[in-house]
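**Q** could you look at this predicted model? Sequence included:
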Protein chains: 2
Amino acid sequence: MKVTGDQALVKKINKSIVLHMIRKHSPLSRARVSEMTGLNKATVSNLVAELCQQELVIEAGPGESSGGRKPLILHFNAMAGSVIGIELRVKQLTAVLCDLGGNVLGERDYTLNHHDLPYVLEEIHKIISELMAAAPVTPYGIVGIGVGVPGMVDENGVVLFAPNLGWEMVNLRGLLESSFSVPVTIDNEANAGAQGELNFGAARDVRHLLYVSAGSGIGSGIIIGGELYKGARGYAGETGHMSIEADGKLCSCGSRGCWELYASEKTYDHADIDLPARTTPELVRYASQGQEDALRHFAKVGEYLGIGITNLINSFNPEVIVIGGALSEAEEWLGEPLRKVVAERTLPYHKQQLEITFSKLGSRGTVIGAGFSAVMHFLGNIRVTL
Amino acid sequence: MKVTGDQALVKKINKSIVLHMIRKHSPLSRARVSEMTGLNKATVSNLVAELCQQELVIEAGPGESSGGRKPLILHFNAMAGSVIGIELRVKQLTAVLCDLGGNVLGERDYTLNHHDLPYVLEEIHKIISELMAAAPVTPYGIVGIGVGVPGMVDENGVVLFAPNLGWEMVNLRGLLESSFSVPVTIDNEANAGAQGELNFGAARDVRHLLYVSAGSGIGSGIIIGGELYKGARGYAGETGHMSIEADGKLCSCGSRGCWELYASEKTYDHADIDLPARTTPELVRYASQGQEDALRHFAKVGEYLGIGITNLINSFNPEVIVIGGALSEAEEWLGEPLRKVVAERTLPYHKQQLEITFSKLGSRGTVIGAGFSAVMHFLGNIRVTL
DNA sequence: AAAACTTTGTTTAACCAATATACAAAGTCT
DNA sequence: AGACTTTGTATATTGGTTAAACAAAGTTTT
């Protein structure tokens, strides 16, 4: 959004800078904040005083002196409020209660039997209510709910299309906000996962991150310059339907040779391949026992993951690639073929500073990331671009 | 870049808002600017006074009254300075002299015999010097030089890799700036083209644009929210090396099945196809005479263009797609197969508001866009994001 | 044609946030 | 004990936006 400038804006900008500096780098003294931000000491003092009054920052007594007066240590008050992060999956509904620092305070897990909107909504209501009841008493209480959804989401929190749920044009944010009277953020599942790994997982403070969520389909979360890149209308990263075989298998989307037909759990559905099981956890068990078919299949999936990832590298050139989603459990067998294909297919230039890792937060990355979206919505984040 | 806020910043922001409002929507009165920006009338008056003194805005006498005092009409002063836009192609060097409004004041065209850096630099020097000599006398003179290059460019104007020129790590900006003592902007050729079409061509003021430049290779310029999306380090859009056939033809980049092997002028290089000629202009001539091989080949290229474009639609979902580059001359024969493939392969959801057109500026889109980059660099464009 | 109303643009005073500077407080080092 | 350092606060200044009043120059109504 484009805004005009006045003094209130200046204050907002600087307060936001100070708050997030403390949030990310605490413990910190006022003097250090002044140095790091470039803001005047007096300005920092004023803003910190306000943040303390708002209970977003707390003073934790004196720290170590380095040859002068002892600094007063400031902390971000992660317990000023809490958020609920939710991940909606095909067969499962997971939710966590987090503080503002992303620390998990409580967790719930439901099984979903089908995807009728009223039923799913009821389950979401239940899981939220339970966690709300379990929330600690804090100055701000529950400050937001963040939901990660397997599908395209627009900037208004409307689920435009979620093929695996059979949803179309569901105003999820509206529905939940009117029920709970709390700000709700809806994110694509891959975007939520990317935020989780960026802030609390395998890719902390990386500037340019590509998070590939491989599960029942494939979606990507793209972080550019430390910020989530949502694209035109909030749904960049629908990479599962990138065609990697122009005349390949027919996909439900109408196209042919879509990436996710070759590199996701969708590969299990073909009747013509030999597999000892048709779910990732089971296949992982077989693979760890050395079962040939499972090993071969994971190797193949790894290669195809590498082909799609190469395409994305050519478009986005990230510093780090994190692979998440259900298939990340098979890291042991996917990793090598994947890296090999990427090494073969990318320009030498790309190889220099490219790290490919698997999710560190595992299945919790998405819920935590979804919750973090709600945290950021509560705290705000205003920036100036030259 | 992240900056802290103070009053100087506020002024910069507001002045930038006022300037670009007048640039885009003149003629305009101070009162209208105040309404449209939300800034106070006094603020607008002050800023306009400064802009007039800087000769970036000129007062053009009274306009029509609508029941009160006549407004004083303001114009953006496109003749406050001029820029040089350059396009570097494999066999050609094109340059234009533009005013700040993108109006072409002069034009030059050189043929390039090879791509040795010293030689090309010398030719660039010559073409710039000629146009500089032809520049009209303006308050600011030549305020910048913008160059469009067929390759990856980083944020410092270094050409990282330009396969068709055989260049690697060429600090083009540094070289030109030290010669001419004028700010130089270096852009990928597709990004320059996208800017040209966005501001002066087929996609004026579109919010989300995908510009596909199909010539000796393929590159894409991506406009998100009205602004060029440069990606992580300035080279998003290297889409020519997106693999659309996992086990397809071997590409010079090391990968297989790269899009540009199937949908650019590179297709002419295969000895095993029957073609009456091996350059686009010649093939266009044959096609217009109904030559079978030429027609068949363009149809095939159109289909493959459609396949890659579908992949990009799935990732970026633009409102408008503009196809530029040398191959856009073959619009007549590419258009139908391309649109057909896209219609078949995209989700129904995408088809609603998607327009596919060919470049309106033709070969001049890129030079004009490159020049426009220099204009924007001169005028500045500061924004606040919430 | 005079009076009333409208619209445009400027002037004035008030406000407010950041800043430089001085200063107070609380430590370390010699 | 005295000199120096570092932290954090108080004070006066600066400079930009703003609301409100005002001046200027129209049109519309009576």
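**A** Happy to help now that I have it.

**Q** any idea how many residues pack against the nearest residue in space to A:N188 that is not next to it in sequence?
**A** Excluding its sequence neighbours, the residue lying closest to A:N188 (CB to CB, 6 or more residues apart in numbering or on different chains) is A:V153, at 5.3 Å. C-betas here are computed from N, CA, C, even on glycine. The local packing of A:V153 (other CB atoms under 10 Å in any protein chain shown) involves 28 other residues.

**Q** thinking A:V153 is in contact with A:E189, fair?
**A** No: using CB atoms under 8 Å, A:V153 is not in contact with A:E189, being 9.3 Å away.

**Q** distance check, A:L175 against A:V184.
**A** 9 Å (CB to CB, to the nearest Å).

**Q** between those two, who's got more neighbours?
**A** A:V184 (25 against 16).

**Q** which ones are touching that one?
**A** A:G144, A:I145, A:G146, A:V147, A:G157, A:L172, A:R173, A:L176, A:E177, A:A374 (CB atoms under 8 Å, 6 or more residues apart in numbering or on different chains).

**Q** among those, name the buried ones.
**A** A:G144, A:I145, A:G146, A:V147, A:G157, A:L172, A:R173, A:L176, A:A374 (16 or more other CB atoms under 10 Å in any protein chain shown).

**Q** what are the phi and psi angles of the third one?
**A** Phi and psi for A:G146, reported as degrees, to the nearest 10, are phi -120, psi 130.

**Q** how about A:I58?
**A** Per degrees, to the nearest 10, the backbone of A:I58 is at phi -130, psi 150.

**Q** get me the contact residues on chain A for DNA strand C.
**A** Residues of chain A found near DNA strand C, taking CB under 7 Å from any atom of the strand as the criterion, are A:7-8, A:10-11, A:14-15, A:38-43, A:46-47, A:62, A:65, A:67-70.

**Q** mind doing that once more with 6 Å?
**A** A:7-8, A:10-11, A:14, A:39-40, A:42-43, A:46, A:65, A:67-70 (CB under 6 Å from any atom of the strand).

**Q** chain B: which of those residues is nearest?
**A** Closest approach to chain B among the residues of chain A next to DNA strand C (CB to the nearest CB): A:V10, at 3.7 Å.

**Q** next, count neighbours for the closest one.
**A** Neighbours of A:V10 (other CB under 10 Å): 19.

**Q** what's the helix or strand hosting it packed up against?
**A** Element membership of A:V10 [criterion: DSSP states H and E] is helix A:7-25. Counting contacts by 3 or more CB pairs under 8 Å, 6 or more residues apart in numbering or on different chains; DSSP states H and E, helix A:7-25 is packed against helix A:30-37, helix A:41-53, strand A:72-76, helix A:364-379, strand A:383-385, helix B:7-25.

**Q** could you list the residues in contact with it?
**A** By CB under 8 Å, 6+ apart, helix A:7-25 touches A:3, A:28, A:33, A:36-37, A:39, A:43-44, A:47-48, A:50-51, A:56-57, A:74-76, A:100-101, A:205, A:379-384, B:2, B:4-7, B:9-10, B:13, B:384.

**Q** ends of stretch A:62-72, how far apart?
**A** 5 Å (CA to CA, to the nearest Å).

**Q** next, the angle strand A:72-76 makes with the helix holding A:V10.
**A** In terms of direction (axes from the mean of the first three to the mean of the last three CA atoms, to 10 degrees), helix A:7-25 departs from strand A:72-76 by 90 degrees.

**Q** returning to that earlier point: just the buried ones out of the contacts of helix A:7-25, please.
**A** The neighbour-count test (16+ other CB under 10 Å) marks A:28, A:33, A:37, A:39, A:43-44, A:47-48, A:51, A:56-57, A:74, A:76, A:100-101, A:379, A:382-384, B:4-6, B:9-10, B:13, B:384 as buried among those.
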